[in-house]
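# sequence unavailable; structure follows:
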Ligand code: 5RP
């Protein structure tokens, strides 16, 4: 029965090619092997998570997986999952989330993460934090010695008084050499305003924090101080949430950190 033939995984191709995109696909496919029929999944956002959506869609279509439903972490993922044929549930309607699969911007040696450079950190943290198991899928370039080493650490803020909130965020790191923070903007075709604030799926803005050499100090304390600021909704440090990290390496091997 041709309909029951499971489409081949990308593992072999990755070993041969080893491009970053192939590695993302390998990690995603490895994580999807952890999915069982009947599970409710947290569906991540980003280019790596997109490979997991495609793989899930393929496996549902050929009947290798049945009765799987997903809770999408962004509007983009909701649209992609819909096209892939993955049945979906809203967060409050899912009795429980068995497993979430999502990418990350950075993974430190304790499996703490930076997420949200794609702008979806709030829904990701709500859904992935609600589930039993959170499997992170990355290529090895995402492994870092310290969070904040490779780029922005996003903080979602309400639009009202956003520059006031930006000032309060700056105060948390007052005097820290190499620290800076700014509102994330996007280009617009409107010639009157070349840049406008990036707006999240929740109608909020994003403040981007930058650290010269990563975030030093007690991450939980820093997290608490940020969350105490009225106007901050959530930040992109995911501390102690990942249960497994699937890493696809350039040499063709795949390791699972837990
Ligand atoms: C989106 C995220 C993504 O998971 C993260 O940005 C990684 O994306 P990609 O897989 O495209 O590298 O947190 O908010």
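Looks like it came in fine. This is a predicted model, so every value here is computed, not measured.
# correct me, but residue 161 touches residue 231?
Yes. Counting by C-beta atoms under 8 Å, residue 161 does reach residue 231; the two are 5.9 Å apart. For the C-beta atoms, the positions are set from N, CA and C on the backbone; glycine is no exception.
# what about those two, which has more around it?
A direct count of neighbours by other C-beta atoms under 10 Å for residue 161 and residue 231 places residue 231 higher, at 18 against 13.
# next one: the more buried one from residue 153, what distance?
Distance, residue 231 to residue 153, by C-beta to C-beta, to the nearest Å: 17 Å.
# residue 244 - how many residues pack around it?
Going by other C-beta under 10 Å, the residues that sit close to residue 244 add up to 18.
# please renumber the chain so that the first residue is 182 from this point on.
Shifting the count to begin at 182 puts that one at residue 425.
# who touches it in this structure?
Going by C-beta atoms under 8 Å, 6 or more residues apart in numbering, residue 425 touches 212, 215, 314-317, 437-439.
# show me how to select, in ChimeraX, the buried members of those.
Command for ChimeraX, covering only those of these found buried under the criterion 16 or more other C-beta atoms under 10 Å:
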select :212,215,314,315,316,317
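# which one of the contacts of residue 425 is nearest residue 298?
Closest to residue 298 out of the contacts of residue 425 is residue 317 (14.2 Å), distances taken as C-beta to C-beta.
# wait, the closest one sits on residue 439?
No. Assessed by C-beta under 8 Å, residue 317 is found out of contact with residue 439, at 10.2 Å.
# which residues of the stretch 232-381 of the chain lie near the ligand?
Listed as neighbours of the ligand in the stretch 232-381 of the chain under the rule C-beta under 6 Å from any ligand atom: 283-286, 296-302, 305.
# select from those residues the one having the most neighbours.
Neighbour max across those (other C-beta under 10 Å) = residue 305, 32 neighbours.
# can you list contacts of stretch 388-402?
Here stretch 388-402 has contacts from 293, 325-330, 332-336, 338, 343, 346-347, 350, 354, 357-365, 403, 418, 420, using C-beta under 8 Å, 6+ apart.
# for the residues you listed, which ChimeraX command selects only the ones that are buried?
Selection of buried members from those for ChimeraX, criterion 16+ other C-beta under 10 Å:
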select :293,325,327,328,329,333,334,335,336,338,343,346,347,350,354,360,362,364,365,403,418,420
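# in helices, which of the contacts of stretch 388-402 appear?
Among these, the residues falling in helices (DSSP state H) are 343, 346-347, 350, 403.
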